[in-house]
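Chemist: Sequence first, predicted model second:
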Amino acid sequence: MVGGGRDAFIGGVHRMAMRLDGKIELVAGAFSSNPEKAKLSGEDLLLDPQRVYPDYRTMAAEESRLAAGERIDFVSVVTPNRTHVPVAKTFLEAGLNVVCDKPLAFNLEEARALRDVVRKTGKLFALTHNYTGYPMVKEARELVRNGELGEILKIVAEYPQGWLLKPIDEEGQKQAAWRTDPQQAGASGCIGDIGTHAENLGRYITGLQIDELCAEFTSFVKGRQLEDDANLLIRYQGGAKGVLTASQISVGEENNLSIRVYGTKASLEWHQEDPNDLIVKYSDKPRRTYRRGNEYVSDVAKRFTRLPSGHPEAFLEAFANIYVEVARAIEAEVNGQPIPTDCDFPTVDDGVEGMAFIATAVKSAKAGGVWTKMENI
């Protein structure tokens, strides 16, 4: 792991998720740009001190020199946005697989360059758009693929949070400070942090690509350099329409990601804070509620379910579903076998599309909310 040392939120989530199925063991890390903090973080995690590195470059060099059965099989990158590409590129070029937190890069140009590195090295690259790991999200995608909804007409995706309503970034709160700093987060705050999840969720479930969008960004907290609220209208290729809202100043909201997809035959609705239920609605018959863990769901949803119905699974299990699929792919690579074609995790291509979405939204917002064609990926 690179990043994720003491006091880091997402690094801890990654570690819990990767361990959940007993497929992955954390054995090495460069946990902080501060060498002393990196060392102490390694002690916290009970790692061999010889494999706790002062920086990621040293880690990549030293690990790549080890024999195939001794070196790390992959690295998990959980640093702020601006360092994703240099860290990932270093390990890919050292012949090591990479799992990277989202968004993929600091900007679209970097994202395209990293995609080239992935293709050139032939190494596995996964992006942790973790909400695609929920079984009922996978069930929603299966329903769309099987024609249950008919032709898709509209997608409404919402991601409201309230934690940045006050200027805690100016008060030194670590998670807020880097997310609102354009030098670390990039050109977008709210959309880059959580809006990309909403966009990715709609694309994952429906398979639809954005043609153009119209975006309005607002920084409600005085002096904040990046937006803390965003509202978008979307036109998809093929004619479907979309509404996407992301906000981090919505008082009382915690992590209320939700999506509604409307088709010509039916619609579906899913809420991240109630993730074990998927609601399907019809015009001519009662609505249905699909619940995770039951025999009537698809084989795909069953494959990503660990517990019987009535035993809730949530955020960590969804995150773990990304890692368990990565482990399946890397296990095949280690054994000299083809990577299974049904491995289901976001790739570098998903990351480039996410960065193109951010770039297009930023461009539209800066122009005063005009309709803007999706950036080339």
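Modeler: Arrived safely. Here the structure is a predicted model, which means the values were calculated and not measured.
Chemist: I'd like the distance between the spatially most central residue of the chain and L268.
Modeler: Centroid-nearest residue in the chain, with CA atoms, centre = their mean: H129, separated by 2.0 Å. Look at H129 and L268: by CB to CB, to the nearest Å, they are 19 Å apart. (C-beta placed from N, C-alpha, C; glycine too.)
Chemist: again with K363
Modeler: The gap separating K363 from L268 is 31 Å, by CB to CB.
Chemist: Compare the two (neighbour count), which wins?
Modeler: Just comparing K363 and L268: by other CB atoms under 10 Å the higher neighbour count belongs to L268, 26 against 16.
Chemist: wait, is the more buried one part of a strand?
Modeler: Yes. Assignment of L268 by DSSP: H, G, I helix; E, B strand; the rest coil places it within a strand.
Chemist: correct me, but it touches E142?
Modeler: No. L268 is not in contact with E142 according to CB atoms under 8 Å; the separation is 10.8 Å.
Chemist: follow-up on the earlier one: phi and psi next, for the residue nearest to the centre of the chain.
Modeler: Backbone torsions of H129, given as degrees, to the nearest 10, read phi -80, psi 80.
Chemist: so what's it up against?
Modeler: H129 is in contact with 102, 196-197, 200-201, 204, 322, 346, 350, 354, counting by CB atoms under 8 Å, 6 or more residues apart in numbering.
Chemist: Touching both of L268 and E142, which residues are there?
Modeler: Common neighbours of L268 and E142 (CB under 8 Å, 6+ apart) do not exist.
Chemist: N376: how many residues sit nearby?
Modeler: Residues near N376, counting by other CB under 10 Å, number 9.
Chemist: Tell me the secondary structure at it.
Modeler: Three-state call for N376 (three-state DSSP): coil.
Chemist: So the residue lying closest to it once chain neighbours are set aside versus V324, what's the distance?
Modeler: With CB to CB, 6 or more residues apart in numbering as the criterion, N376 has its nearest non-adjacent residue at 7.2 Å, and that residue is A356. A356 sits 28 Å away from V324, going by CB to CB.
Chemist: go on, V300?
Modeler: Noted for V300: a distance of 14 Å to V324, by CB to CB.
Chemist: More neighbours: which of those two?
Modeler: More crowded of V300 and V324, by other CB under 10 Å: V324, with 24 against 16.
Chemist: Next, work out how far apart the more buried one and L20 are.
Modeler: Distance, V324 to L20, using CB to CB: 8 Å.
Chemist: repeat for D350
Modeler: In this view, D350 and L20 are 22 Å apart by CB to CB.
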